[in-house]
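Visitor: Give me a model of this one.
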Amino acid sequence: MKKFLPLSYSSLKQFSISPSHFLAYKKRVFVSSPSMTLGTAVHTLVLEPETFDARYYVMPDDIRRGTNAFKEHQALAASRGQDVEILKKKDLLPIRAMRDNILDHPKASALLSRCHTFEQKRAWKFNGLDFHGFVDAEGDDCIVDLKTTQDASLKKFSRSVVDFKYYWQAALYCAATGYSKRFFIVAVENSAPYNVATYEISKEFIDIAIAQIIEATNSFKKWDGMPMSYSKDVEMLTPPSWML
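Guide: Residues are numbered from 1 along each chain as shown. Next comes the predicted model:
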């Protein structure tokens, strides 16, 4: 299993769906979607603003993909570095709006001001397995993760924390720091009005995550490395409790 190590929050989350999901994740060819590019650009502008101009090439809005003009701008972007991403000028408006709303939010800006390291890689062990990950922002007593989302309201984002297992990420990053720090999320909506909300993952959530991650990593240790989907049996579907 060493060839699959170190694990990360994202790869273990895929394994919890199925080993086949994990293998597909490991073999993937990374292609950034527009929403992913938007999210990483916001991260850069908020957490590492001094690197934004070097990491992004801004193309005029009227340049169409596939044209010679587009290819020329691609070449100019590539000449600045292999990892430079292309944005359209119109993309800067929502990116800056999200940045401004985060910095104008009293709790979000206060949390980020407590942090002294940004986008730092960490390596640690959990249940005897090697893990690694990039921590968005970290201070002496806190870890802050920046999330772009469709809906940052309490009701909807609480669902996202469960659906996307953000509480697993919180537990793993807290484990990386010896459980000495509190884990906060700054959530910003990726469409107007770009509302911002701040959340802390509770100790109860962390404890549940730890138990689930131990179970998932124990399953990973027993896994033979072969593709495996869902149950091979016929499963009975029953109506949910609210329908009864």
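Visitor: How much space separates the residue nearest in space to the middle of the chain from residue 42?
Guide: The chain has residue 147 as the residue nearest its centroid, 6.8 Å off, counting by Cα atoms, centre = their mean. Plainly put, residue 147 is 10 Å away from residue 42 if you go by Cβ to Cβ, to the nearest Å. C-betas here are computed from N, CA, C, even on glycine.
Visitor: same question, residue 167
Guide: When residue 167 is compared with residue 42 (using Cβ to Cβ), they lie 22 Å apart.
Visitor: Packing partners of the host helix or strand of residue 93?
Guide: Under the criterion of DSSP states H and E, residue 93 resides in helix 92-104. Using 3 or more Cβ pairs under 8 Å, 6 or more residues apart in numbering; DSSP states H and E as the contact definition, the elements that helix 92-104 packs against are helix 34-47, helix 106-113, strand 182-189.
Visitor: Now do the buried residues in that helix.
Guide: Across helix 92-104, burial judged by 16 or more other Cβ atoms under 10 Å covers 94-95, 97-99, 101-102.
Visitor: sorry, back to before: quickly compare the helices and strands packed on helix 92-104 and say which is most buried.
Guide: Ranked by mean neighbour count, the helices and strands packed on helix 92-104 are led by strand 182-189 with a mean of 23 (mean count of other Cβ atoms under 10 Å).
Visitor: Neighbouring strands - and their directions - for that one?
Guide: strand 142-149 (parallel), strand 196-200 (antiparallel) (DSSP bridges).
Visitor: To residue 243, which of these lies closest?
Guide: strand 142-149 (29.1 Å; Cβ to Cβ).
Visitor: hmm, who's touching the closest one?
Guide: 35, 38-39, 42-43, 46-47, 98, 102, 111-112, 114-115, 135-138, 157, 160, 166, 169-170, 173-174, 177, 181-190 (Cβ atoms under 8 Å, 6 or more residues apart in numbering).
Visitor: what helices or strands is the longest helix along the chain leaning on?
Guide: Criterion DSSP state H: the longest helix present in the chain is helix 203-222. Where contact means 3+ Cβ pairs under 8 Å, 6+ apart, helix 203-222 is packed against helix 9-17, strand 129-139, helix 166-176.
Visitor: residues of that helix that come out buried?
Guide: 205-206, 209-210, 213, 216-217, 220.
Visitor: what mean pLDDT would you report for stretch 62-69?
Guide: Taken as a whole, stretch 62-69 has a mean pLDDT of 77.
Visitor: so where's the protein shaky on pLDDT?
Guide: 1, 29-33, 73, 82 (pLDDT under 70).
Visitor: Residue 83 versus the closest residue in space to residue 105 that isn't next to it in sequence, what's the distance?
Guide: Once flanking residues are discounted, residue 105 sits nearest to residue 196: 4.3 Å by Cβ to Cβ, 6 or more residues apart in numbering. According to Cβ to Cβ, residue 196 stands 28 Å off from residue 83.
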